[in-house]
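Colleague: kindly generate the corresponding structure for this input.
(one chain, ligands or ions: 1)
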Amino acid sequence: MRLHAEYAWLPGAAEPSRDVLIEVADGRFGAVTAGVPAPAGARRLPGVTLPGLANAHSHAFHRALRGRTHGGRGDFWSWREQMYAVADRLDPQRYLALARAVYAEMALAGITCVGEFHYLHHDRDGGRYADANAMSEALVAAAAQAGIRITLLDTCYLSAGVDGTPLTGAQRRFGDGDADRWAQRVDAFAPAGGHVRVGAAVHSVRAVPAAQLPVVAAWARERDAPLHLHLSEQPAENEACQAAYGRSPAELLADAGVLGPRTTAVHATHLGDTDVRLLGTSRTGVCFCPTTERDLADGIGPAPQLAAAGSPLSLGSDSHAVIDPFEEARGLELDERLRSRVRGTFTAAELLSAASRAGHEALGWSDAGGIATGQRADLVTVALDRVRTAGVPPTGVLFAAGAADVTDVLVDGRPVVTAGVHATVDVAAELGAAISAVTR
Ligand SMILES: [Zn+2]
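Modeller: As a prediction, this is how the structure comes out:
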């Protein structure tokens, strides 16, 4: 297949290149040549073509809460109660239907790979399903049916608080008892398909006692797998960690051997200088989720300090209050403007890198996220003739475009979205049906 992009944003470039001929064979890019006229038979891609975008932090079922939890007062903790009510109504069949629709919504927005931070493992009473990984299987099948890749970040979730309080109520579905039993279950999960990778996650220092952390870290290290964790999203987490261990969450994780280049800390909102240094010097990645952090009134994390210290920054839509990688990317810069009252901390190319290359790296796909020979053939084309984008220079798409301006998406060389329509999923209808099944 030969494609000819009016503009394409190539790796390392400050702005998109014009008239780029892109060869695709066996799901990979062949030659990529800028500044050449379209040859006969090449498919024309008008607008700006970007590399595949990675959503490095997702909880698919939270999509069912969109529009239900944003009004009125309340905080992260009251939102969490509503989230648990939806979790209580899910089973593998319902979760497959919901996640397929959510991942198809992501595909429409230009997301070619998702990191699913998955902790809804077990049946309602906390007992294991006949297939202990039935929920993981549902998520992996959902991604295949929606046409995107997935890194299933199987999440260790053992306690209800830093003090080791046992899981009760809806939380019983999350727990495996201890980290060894978690590891045994994950080791029994061997999903089929070239679109999936399995990684690990520590839910947070609230949910995994310090003595269990090295078990999860060793599991990921021995398998060279990505390891993700929620870090310091709320001041209350920091305070509880200090009270229990006399250390910040980042200090505790560093001491337990959790930090490092395969690790991604999600949120990292409330950090001290020592925390920033520990994350940066260990090359631990940090995933910001700007639209969720706004929605939950979490605060604004120290993104430029983390980047300067050495942490690669990626992006996630987390609770899916919004699924729009353009909004997440510009949110990194615009939220920082509100915090610092300084403009232009991150360039457009840096924001694109966070949304593409760095996200794929964080999810263990080091051969994706760039339009270059040998890389996985993921492409996202954004129209420049829409109401929002007309007159916008190609470099401006990250600040001007939204998910609805994506026209074409290729994942591993396969067309998943064409002319703004998903190849196999009636996305709005499936979302409506799947969400009504778990919110009635
Ligand atoms: Zn999360």
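Colleague: run through this protein and note the low-pLDDT ranges.
Modeller: 72-73 (pLDDT under 70).
Colleague: wait, doesn't residue 370 sit right on residue 13?
Modeller: No: taking contacts as C-beta atoms under 8 Å, residue 370 lies outside contact range of residue 13: 10.4 Å. C-betas here are computed from N, CA, C, even on glycine.
Colleague: more neighbours: these two, which one.
Modeller: With neighbours defined as other C-beta atoms under 10 Å, residue 370 and residue 13 compare such that residue 370 has more, 22 against 14.
Colleague: how deep is residue 23 tucked in, by neighbour count?
Modeller: Counted with other C-beta under 10 Å, residue 23 comes out at 16.
Colleague: wasn't it part of a strand?
Modeller: Yes: counting by DSSP: H, G, I helix; E, B strand; the rest coil, residue 23 is part of a strand.
Colleague: which ones are touching the most centrally placed residue in the chain?
Modeller: Computing the C-alpha centroid of the chain and ranking residues by C-alpha atoms, centre = their mean puts residue 56 first, at 2.1 Å. Going by C-beta atoms under 8 Å, 6 or more residues apart in numbering, residue 56 touches 115, 264, 266, 287, 314-316, 358-359, 362-363.
Colleague: just the residues you listed: which are in helices?
Modeller: Of the contacts of residue 56, the ones assigned to helices by DSSP state H are 358-359, 362.
Colleague: residue 45: which of the residues you listed is nearest?
Modeller: The nearest member of the ones in helices among the contacts of residue 56 to residue 45, counting by C-beta to C-beta, is residue 359 at 21.9 Å.
Colleague: that closest one reaches residue 113, doesn't it?
Modeller: Yes: using C-beta under 8 Å, residue 359 makes contact with residue 113 at a distance of 7.3 Å.
Colleague: the more surrounded of those two?
Modeller: residue 359 (34 against 29).
Colleague: grab the nearest non-local neighbour of the more buried one.
Modeller: residue 54 (2.8 Å; C-beta to C-beta, 6 or more residues apart in numbering).
Colleague: and the one you found, what are its phi and psi?
Modeller: The phi/psi pair for residue 54 (degrees, to the nearest 10) reads phi -110, psi 130.
Colleague: same thing with residue 32?
Modeller: phi -130, psi 120.
Colleague: now do the shared contacts for residue 359 and residue 113.
Modeller: 54-55.
Colleague: direction included, what does the helix or strand containing residue 416 pair against?
Modeller: In this assignment (DSSP states H and E), residue 416 forms part of strand 414-418. Note on strand 414-418: by DSSP bridges, its sheet partners are strand 406-411 (antiparallel), strand 421-422 (antiparallel).
Colleague: of all those, which one is nearest residue 36?
Modeller: The nearest among the strands paired with strand 414-418, by C-beta to C-beta, is strand 406-411 at 19.7 Å.
Colleague: show me what that closest one is in contact with.
Modeller: Residues from elsewhere that reach strand 406-411, judged by C-beta under 8 Å, 6+ apart: 24, 45, 47, 52, 107-110, 112, 147-149, 377-383, 415-420.
Colleague: may I have it exported as CSV, CA atoms only?
Modeller: In CSV, the C-alpha atoms belonging to strand 406-411 read as follows (Å, rounded to 0.1, in the frame of the first residue of the first chain):
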residue,chain,number,x,y,z
VAL,A,406,-9.8,12.7,12.8
THR,A,407,-10.7,11.3,9.5
ASP,A,408,-8.5,8.2,9.0
VAL,A,409,-6.7,5.8,11.3
LEU,A,410,-4.4,3.0,10.4
VAL,A,411,-3.3,0.5,13.0
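Colleague: how far does it sit from its chain's centre?
Modeller: Relative to its chain's centre, strand 406-411 lies at 18 Å (C-alpha atoms, centre = their mean, to the nearest Å).
Colleague: check stretch 258-275 too.
Modeller: In terms of C-alpha atoms, centre = their mean, the centre of stretch 258-275 is set 16 Å apart from its chain centre.
Colleague: what residues sit buried inside that stretch?
Modeller: In terms of neighbour count (16 or more other C-beta atoms under 10 Å), stretch 258-275 has its buried residues at 258-259, 262-271, 275.
Colleague: that one spans what distance, first to last residue?
Modeller: 13 Å (C-alpha to C-alpha, to the nearest Å).
Colleague: which residues in the stretch 1-150 of the chain form strands?
Modeller: Residue ranges of the strands in the stretch 1-150 of the chain, as given by DSSP state E, counting those that start in this stretch, are 2-8, 17-25, 28-34, 43-51, 53-58, 111-118, 149-156.
Colleague: of those strands, flag the one that's most buried.
Modeller: Across those, the average number of neighbours (mean count of other C-beta atoms under 10 Å) peaks for strand 53-58, which reaches a mean of 31.
Colleague: I am finished for the moment; much appreciated.
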